[in-house]
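K.L.:
test case, fold it:
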Amino acid sequence: MNDTFLAVINPAAGGGKRRAQVANLLEQLRAGGLKVEAAETRAAGDATRIAREGYARGIRKFIGVGGDGTSYEIVNGLFPLTSAETPSLAFLPVGTGNSFLRDFSDRGVEFAMEALLARRSTACDVLRLKHRSGVLHYINLLSIGFSADVASLRARRFSGWGEAGYQLSIFICLARFRRRSFPVRVDDEGKFDKRPCLFLTFSNSKFTGGTMMIAPKAEINDGLIEFVRWGPIGRMGLVRNLPTLYDGTHIGHPLAERRSAKRIDFELDGPVDVMVDGEVMSLNCERLEVLPSALQVVV
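P.N.:
Numbers count the residues shown, from 1 in each chain. Presented below is the predicted three-dimensional model:
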């Protein structure tokens, strides 16, 4: 197996202010004995193309240099795979959203560098979503409902506003406050659950949005989807309970539910806004499944 790491760099990560830091970090890795190639993205989708082309020429080790969105694109360049060799993904979290690594440490770049230089890795499941237009893969979280509405609004109207844009998006979504039905069926249960809800999340790891612990029971290599549902809580009830989304205690709310599943089927009327590993899109979801231990992550 080729032991070279391909670092896929998003130069716009962290507001584009991290170029000098990234160059220094890559030199530290080389000085530590790692073989590292580097390639920069120039547009959305480039990380997927770069990862796919690297895989085709024999590279199996990748470093996502950016945020969760960069890693998401790399994963979608690697799957579906035609080789029996399990790929490896490391992280240099210099973006604005770096949720996945928080399952292991809150020390960000420092922790990521230690893991790379120690050649430390563990198995990670990959979640595969079949939707009306194709298929996608992710390692963190897919969300529908209020949380996806906030992410979509921020991306489409307040992407350059930083934390202020995120808070404003929450405020606007609270003012609109929609509770809807997203019919889903868990594993082989007979009926679709059509009850109205605030949001549904389908997680592989615990955190989203940097510090929100949406799925506190999630494990990245248990072969299961962590499904969290929050029912039709009222506007003021949500405001009072927002802090619980950051420590994971929201799953103890009377209107909250969590389950572990191997498969989720959807029966949606049409496309809905979804947030997948920090990326927002409109999809008509059909089926969600797990690819157990399909990836090695350097953590």
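K.L.:
where does the prediction get shaky in the chain?
P.N.:
Within the chain, the set of residues satisfying pLDDT under 70 comprises 1, 14-17, 96-97.
K.L.:
got the domain ranges for it?
P.N.:
Here the domain parsing of the chain from automatic domain parsing is 2-120, 134-293.
K.L.:
out of the ones you listed, flag the one nearest Val126.
P.N.:
Among the domains of the chain, domain 134-293 comes nearest to Val126, with 4.3 Å by CB to CB. The C-beta positions use only the backbone N, C-alpha and C, and glycine is treated the same way.
K.L.:
ok now the closest one, how far from the chain's centre?
P.N.:
Chain-centre distance of domain 134-293: 11 Å, with CA atoms, centre = their mean, to the nearest Å.
K.L.:
before we move on, the earlier item: mean neighbour count and distance to Arg128 for the domains of the chain - can I get that in a markdown table?
P.N.:
Formatted as a markdown table, the domains of the chain follow (neighbours: other CB atoms under 10 Å; distance: least, CB to CB, whole Å):
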| stretch | mean neighbour count | distance to Arg128 |
| --- | --- | --- |
| domain 2-120 | 18 | 7 |
| domain 134-293 | 18 | 5 |
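K.L.:
and the helices in this structure?
P.N.:
Counting by DSSP state H, the chain has helices at residues 19-31, 46-56, 68-78, 108-117, 146-157, 162-176, 235-241, 244-247.
K.L.:
now the end-to-end length of stretch 36-48.
P.N.:
Terminal residues of stretch 36-48 are spaced 18 Å apart (CA to CA, to the nearest Å).
K.L.:
show residues contacting it.
P.N.:
The contact list for stretch 36-48 (CB atoms under 8 Å, 6 or more residues apart in numbering) reads 4-11, 26, 29-30, 50, 54, 59, 63-64, 66, 70, 73-74, 76-77.
K.L.:
ok, longest strand in the chain?
P.N.:
For the chain, the strand that runs over the most residues, judged by DSSP state E, is strand 285-297.
K.L.:
okay if I get the domains of the chain as TSV plus distance to Val126?
P.N.:
Formatted as TSV, the domains of the chain follow (distance: least, CB to CB, whole Å):
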stretch	distance to Val126
domain 2-120	6
domain 134-293	4
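K.L.:
nearest to Val299, out of these?
P.N.:
Closest approach to Val299 among these is made by domain 2-120 (4.5 Å; CB to CB).
K.L.:
residue at max distance from the center of this structure?
P.N.:
Here the chain reaches farthest from its C-alpha mean at Ala31, the gap being 30.6 Å by CA atoms, centre = their mean.
K.L.:
okay, which residue is most central for this protein?
P.N.:
Most central in the chain (CA atoms, centre = their mean) works out to Asp277, at 2.3 Å.
K.L.:
contacting residues for that residue?
P.N.:
Applying CB under 8 Å, 6+ apart to Asp277 gives the contacts Asp68, Gly69, Ser71, Tyr72, Val75, Ser99, Phe100, Tyr138, Ile139, Asn140, Leu141, Leu142.
K.L.:
look up how far Gly134 lies from it.
P.N.:
Noted for Asp277: a distance of 16 Å to Gly134, by CB to CB, to the nearest Å.
K.L.:
just Arg154 next, same as before
P.N.:
Using CB to CB, Arg154 is found at 25 Å from Gly134.
K.L.:
what do you get for Phe146?
P.N.:
Remark: distance between Phe146 and Gly134 (CB to CB) = 26 Å.
K.L.:
can you pull the contacts of the closest residue to Val36 other than its chain neighbours?
P.N.:
Closest residue to Val36 apart from its sequence neighbours, by CB to CB, 6 or more residues apart in numbering: Phe5 at 4.9 Å. Phe5 is in contact with Leu29, Leu34, Lys35, Val36, Glu37, Ile59, Lys61, Phe62, Ile63, Ala90, Leu116, counting by CB under 8 Å, 6+ apart.
K.L.:
ok, now with 10 Å
P.N.:
Contacts were defined as CB atoms under 10 Å, 6 or more residues apart in numbering; by that measure Phe5 touches 26, 29-30, 34-38, 54, 59-63, 88, 90, 116, 298.
K.L.:
one more: Phe100?
P.N.:
Phe100 neighbours (CB under 10 Å, 6+ apart): 64, 67-68, 71-72, 89, 91, 93, 124, 138-141, 204-208, 220, 277-278, 297, 299.
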